[in-house]
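>>> output the structure for:
(one chain, ligands or ions: 1)
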Amino acid sequence: MSKPVIWITRTLSNATLERARRDYEVIWDAADTPGSAEDIIKMSASVDGIIPCHSEHFSADVVAQLDPRLKIVANHSVGVDHCDLDALRGKGIVVTNTPDVLSDATAELAMMLMLGAARNAVAGDRTVRSGTWDFWSPAFLVGKQLTGARLGIVGMGGVGRAFARKARGFDMEIHYHNRSRLSPEDEAGAIYHETLESLLAVSDFLSLHCPATPETVGLMNADRLAQLPKGAVLVNTARGNLIDEAALVDALDAGHIGAAGLDCFVTEPGGNPAFASYDNVMMMPHVGSATVQTRDAMGFKALDNLDAFFRGESPPNAL
Ligand code: 8YV
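A predicted model of the protein is given here:
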């Protein structure tokens with residue numbers, strides 16, 4: 001029997017590409033550029049499945065033009081805001097994602113950004129690196145301590161819970177807001193806030209771990225930023241559009257937000273040049289899940305989903 005044909009849109013880990021080539025007829029472009037709408041539409045006539053990343057957009061318009069040959073979109077991401085799920089399902093296309101396996105890596109990056117933002121990592125690194133470190137004082141680069149501080153987590157899915165576990169090791173007091181309250185076991189002492197407003201009011205540090213949906217886009221607008229305690233540190237490793245970036249710039253200027261750690265931006269790639277002059281904003285280029293172990297695990301999970309589908313089973317991570 002001939003192997004199903006799949007399109008892998010980006011450069012996945014070597015182990016993933018190797019396994020994929022063993023079991024599938026693989027189309028893969030080593031140029032590693034995001035598939036455009038035209039690419040996706042054109043390719044759908046030649047493949048049975050696609051493994052895309054969050055950089056390929058399956059809008060309703062694109063989905064309407066897909067060839068019926070395409071049967072499954074096995075995302076190499078936990079977030080699926082780049083996919084119009086209703087449109088895909090309406091066309092009978094199965095959609096899967098890669099939950100859980102990237103929770104620790106993303107939570108580690110969130111810890112890095114939280115620590116880096118709180119302790120002036122950008123200014124410190126720049127000072128030493130540039131050779132301009134010619135002064136020291138007890139008042140120099142004084143940061144904000146995590147120990148004993150209140151950490152607010154928005155969204156207690158896999159990444160939010162992994163982040164809470166790591167933050168506990170820093171002796172932070174964990175608070176959270178989630179669509180529903182966790183079990184006492186999953187809560188592990190974290191304090192539940194039924195409303196976002198109640199969480200914001202107590203969060204010396206706030207970290208976003210919710211998906212981007214019509215309800216959460218623009219979540220951290222001027223009004224909500226103002227509800228955080230003065231000097232709060234904001235961390236985002238989820239999606240850029242959860243934050244109104246212009247409002248964040250204003251809040252940084254006003255000193256209301258003390259620092260920020262951002263891995264995600266409204267415009268990607270590229271980021272927002274408005275943050276470039278702020279030493280109290282530590283930034284990374286959307287690499288939360290980019291560790292060797294996690295890239296392998298994400299690739300394997302996407303393949304597990306494809307394998308199940310082509311065996312005629314329901315994929316474990318079908319949405
Ligand atoms: C990836 C992500 O950057 O999983 C997500 O939702 O944003 C990331 O892990 C990406 O899509 C990797 O393929």
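>>> quick check: residues of the stretch 101-250 of the chain near the ligand?
Contacts of the stretch 101-250 of the chain with the ligand, taken as C-beta under 6 Å from any ligand atom, map to residue 102. For every residue, glycine as well, the C-beta is placed using N, CA and C.
>>> mind telling me which residue of the stretch 101-250 of the chain is nearest the ligand?
Proximity to the ligand, evaluated over the stretch 101-250 of the chain using C-beta to the nearest ligand atom, is greatest for residue 102 at 5.1 Å.
>>> can you give me the pLDDT of that residue?
Confidence per residue is given as pLDDT, and for residue 102 that number is 98.
>>> ok, now how distant is it from residue 23?
Relative to residue 23, residue 102 is positioned 22 Å away (criterion: C-beta to C-beta, to the nearest Å).
>>> among the two, which residue is more densely surrounded?
The neighbour comparison of residue 102 against residue 23 (other C-beta atoms under 10 Å) goes to residue 102, with 26 against 14.
>>> which residue is the nearest non-sequential neighbour of residue 89?
Leaving aside its sequence neighbours, residue 89 sits nearest to residue 95 (C-beta to C-beta, 6 or more residues apart in numbering; 7.1 Å).
>>> now do the same for the one you found: helix, strand or coil?
Secondary structure of residue 95, reduced to three states by DSSP: H, G, I helix; E, B strand; the rest coil: strand.
>>> which ones are touching it?
Contacts here follow C-beta atoms under 8 Å, 6 or more residues apart in numbering; on that basis residue 95 touches 72-73, 75, 80, 83, 85, 88-89, 318-319.
>>> out of those, who has the most neighbours?
For those, the largest neighbour count, defined by other C-beta under 10 Å, is 28 neighbours, found at residue 73.
>>> pretty sure that residue contacts residue 58?
Yes - counting by C-beta atoms under 8 Å, residue 73 does reach residue 58; the two are 6.4 Å apart.
>>> what touches both of these two?
Taking C-beta under 8 Å, 6+ apart as the contact rule, residue 73 and residue 58 both touch 52, 83, 88.
>>> my read is that the second one contacts residue 73, right?
Yes - assessed by C-beta under 8 Å, residue 83 is found in contact with residue 73 at 6.6 Å.
>>> what's the overlap in contacts for those two?
58, 95.
>>> okay if I get the shared contacts of residue 73 and residue 58 as JSON lines plus secondary structure, distance to residue 288 and pLDDT?
Output for the shared contacts of residue 73 and residue 58, formatted as JSON lines (DSSP: H, G, I helix; E, B strand; the rest coil; distance: C-beta to C-beta, whole Å; pLDDT from 0 to 100):
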{"residue": "52", "secondary structure": "coil", "distance to residue 288": "18", "pLDDT": "98"}
{"residue": "83", "secondary structure": "strand", "distance to residue 288": "19", "pLDDT": "98"}
{"residue": "88", "secondary structure": "helix", "distance to residue 288": "24", "pLDDT": "98"}
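>>> any chance of JSON lines for those, columns distance to residue 186?
Compiled in JSON lines, those are given as follows (distance: C-beta to C-beta, whole Å):
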{"residue": "52", "distance to residue 186": "31"}
{"residue": "83", "distance to residue 186": "27"}
{"residue": "88", "distance to residue 186": "30"}
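>>> quick one: the residue of the stretch 101-250 of the chain closest to the ligand from residue 93, how far?
23 Å.
>>> pass me the low-pLDDT residue ranges in the chain, would you?
Flagging of the chain using pLDDT under 70 yields an empty set of residue ranges.
>>> and the strands in it?
5-8, 25-28, 49-51, 72-74, 94-96, 150-154, 173-177, 191-192, 205-208, 232-236, 257-262, 281-283 (DSSP state E).
>>> possible to save those as a markdown table with distance to residue 127?
Listed next are the strands of the chain as a markdown table, based on distance: least, C-beta to C-beta, whole Å:
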| stretch | distance to residue 127 |
| --- | --- |
| strand 5-8 | 43 |
| strand 25-28 | 43 |
| strand 49-51 | 43 |
| strand 72-74 | 46 |
| strand 94-96 | 46 |
| strand 150-154 | 28 |
| strand 173-177 | 32 |
| strand 191-192 | 38 |
| strand 205-208 | 24 |
| strand 232-236 | 20 |
| strand 257-262 | 16 |
| strand 281-283 | 14 |
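>>> of the ones you listed, which is nearest residue 247?
Across these, the minimum distance to residue 247, taken as C-beta to C-beta, is reached by strand 257-262, at 9.6 Å.
>>> hmm, who's touching the closest one?
In this structure, residues lying in contact with strand 257-262 by C-beta under 8 Å, 6+ apart are 110, 112-114, 116-118, 120, 144, 225, 228, 230-236, 240, 243, 248, 251-252, 275, 278, 280-284.
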